[in-house]
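# build me a model:
(one chain, ligands or ions: 1)
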Amino acid sequence: MSRIEVRGLRYAYRGAEVLHGVDGRVDAGEVVALIGPNGSGKSTLLRCLAGILRPRRGEIRIAGEPLRGQRQARIARHLAYVPQGSEAAEPLTVLESVLLGLGRASWRYGPADLARAERVLARLGLGELAQRPLPELSGGQRQKAALARALVREAPFLLLDEPTNHLDMRHERDLIEILTRCAREQGQGVLVVLHDINVAVQLADRILLLRDGQVRADGPPRQVVTATGIRDAYGVAVRLVERGGTPFVAGYELARPGG
Ligand SMILES: Nc1ncnc2c1ncn2[C@@H]1O[C@H](COP(=O)(O)OP(=O)(O)OP(=O)(O)O)[C@@H](O)[C@H]1O
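Got it, this is the predicted structure:
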């Protein structure tokens, strides 16, 4: 089966280790949410998987092949990576930016390329914005444009770092639906960094909880999202409610001044 597999991954920035032996996997056709407190190593893990950072130890395999030593162009055939803050506004139209996502060596695009880009834009509800320059878009629209640029590649795996950052509730819901379809209909494996646990439980087949550079939990949402698990990882006492077997965070306890 096509999957991304990680074993014993260690990564250090200038000698300071921030990933301390991470194990995990993402299978084709599943959505895995990567959650964890600020600074726990989520983005670092994604950058290692995307081949941008070279881990000091451990192994990453994509579809059985070790990632180490592979050229970026070859890695890009396996996966599309959308970094945090990648909605930065380049002087391109939305359509040009999406075409760029196809990774062609030149700016020559055929009718099939255009049709593919337009299909993705329509899927994301960006059709009307195709000719608009990126700098003129809102933060949320730019975020969706960055996603369109990744989706157009139709790579087997998608790595998305906080793609819901600027999205309002409707666009957040749309994103959940789009990524679910990527997994169910296109068979893509999706690894998505999220801060909102309620988005994670609605979207993910599995949740990987990282804390201090180590995997603290890996399993279906109902197994990972427990009051104890969240308190241990985030140091916050949460109230959970259950709907249809899925746990949702209903709020957290606040320290009351003088209370
Ligand atoms: N370029 C860098 N140089 C040095 N240290 C870094 C660098 N990038 C990240 N770090 C450190 O590595 C650790 C993990 O950071 P990382 O960005 O992977 O965490 P994260 O879980 O994605 O955080 P957040 O939720 O805040 O985005 C942090 O302690 C961070 O300060």
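# low-scoring stretches of this protein, by residue?
1, 86-89, 258-259 (pLDDT under 70).
# okay, and the beta partners of Ala12?
Glu17 (DSSP bridges).
# can you pull out the strands in the stretch 1-150 of the chain?
3-13, 16-27, 31-35, 57-62, 65-66, 79-82 (DSSP state E, counting those that start in this stretch).
# most tightly surrounded among those strands?
Comparing those by mean neighbour count (mean count of other CB atoms under 10 Å), strand 31-35 ranks first with a mean of 25. Bear in mind the C-beta positions are built from the backbone N, C-alpha and C, glycine included.
# contacting residues around that one?
With CB atoms under 8 Å, 6 or more residues apart in numbering as the test, strand 31-35 has contacts from 24, 26, 42, 45-46, 179-180, 183, 189-195, 197, 199-200, 203-210.
# buried ones among these?
24, 26, 42, 45-46, 179-180, 183, 189-194, 197, 199-200, 203-210 (16 or more other CB atoms under 10 Å).
# now, which of those lie within helices?
42, 45-46, 179-180, 183, 197, 199-200, 203 (DSSP state H).
# which of the strands of the stretch 1-150 of the chain sits closest to Gln223?
strand 31-35 (12.9 Å; CB to CB).
# up against the ligand, what does the stretch 1-150 of the chain have?
Proximity of the stretch 1-150 of the chain to the ligand (CB under 6 Å from any ligand atom) is limited to residues 13, 18, 36, 38-44.
# need the buried ones from the residues you listed selected in ChimeraX.
Command for ChimeraX that selects the buried part of these, burial taken from 16+ other CB under 10 Å:
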select :18,36,40,41,42,43,44
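# now, which of the residues of the stretch 1-150 of the chain next to the ligand sits nearest Gln141?
Once CB to CB is applied, the member of these that ends up nearest Gln141 is Ser43, at 22.8 Å.
# I figured that closest one hits Val193, correct?
Yes: assessed by CB atoms under 8 Å, Ser43 is found in contact with Val193 at 6.7 Å.
# can you list residues touching both of those two?
With CB under 8 Å, 6+ apart as the test, Ser43 and Val193 both reach 84, 161.
# what is the neighbour count of Val241?
Neighbour count for Val241, taken as other CB atoms under 10 Å: 10.
# does it sit in a helix or strand, and which one?
strand 238-243 (DSSP states H and E).
# for that strand, packing partners?
helix 227-234, strand 246-252 (3 or more CB pairs under 8 Å, 6 or more residues apart in numbering; DSSP states H and E).
# tell me how far that strand lies from the chain's centre.
Between the centre of strand 238-243 and the centre of its chain there are 25 Å (CA atoms, centre = their mean, to the nearest Å).
# tell me the contacts of Pro156?
Pro156 sits in contact with 2, 28, 63, 78-79, 187-189, where contact means CB under 8 Å, 6+ apart.
# 6 Å instead, please
2, 78 (CB atoms under 6 Å, 6 or more residues apart in numbering).
# about what we covered before: I'd like the ones in helices among the buried ones among the contacts of strand 31-35 as CSV, with distance to Asp168 appended.
Listed next are those as CSV, based on distance: CB to CB, whole Å:
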residue, distance to Asp168
Lys42, 23
Leu45, 28
Leu46, 24
Leu179, 17
Thr180, 19
Ala183, 23
Ile197, 18
Val199, 13
Ala200, 18
Leu203, 16
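# ok, which pair from these is furthest apart?
Leu45 and Thr180 (22.4 Å).
# and of the residues of the stretch 1-150 of the chain next to the ligand, the nearest to Ala117?
Of those, the one sitting nearest to Ala117 (CB to CB) turns out to be Ser43, at 27.5 Å.
# look up how far Leu9 lies from Leu102.
30 Å (CB to CB, to the nearest Å).
# what residues of the strand holding Val241 count as buried?
So for strand 238-243, counting by 16+ other CB under 10 Å, buried means Val238.
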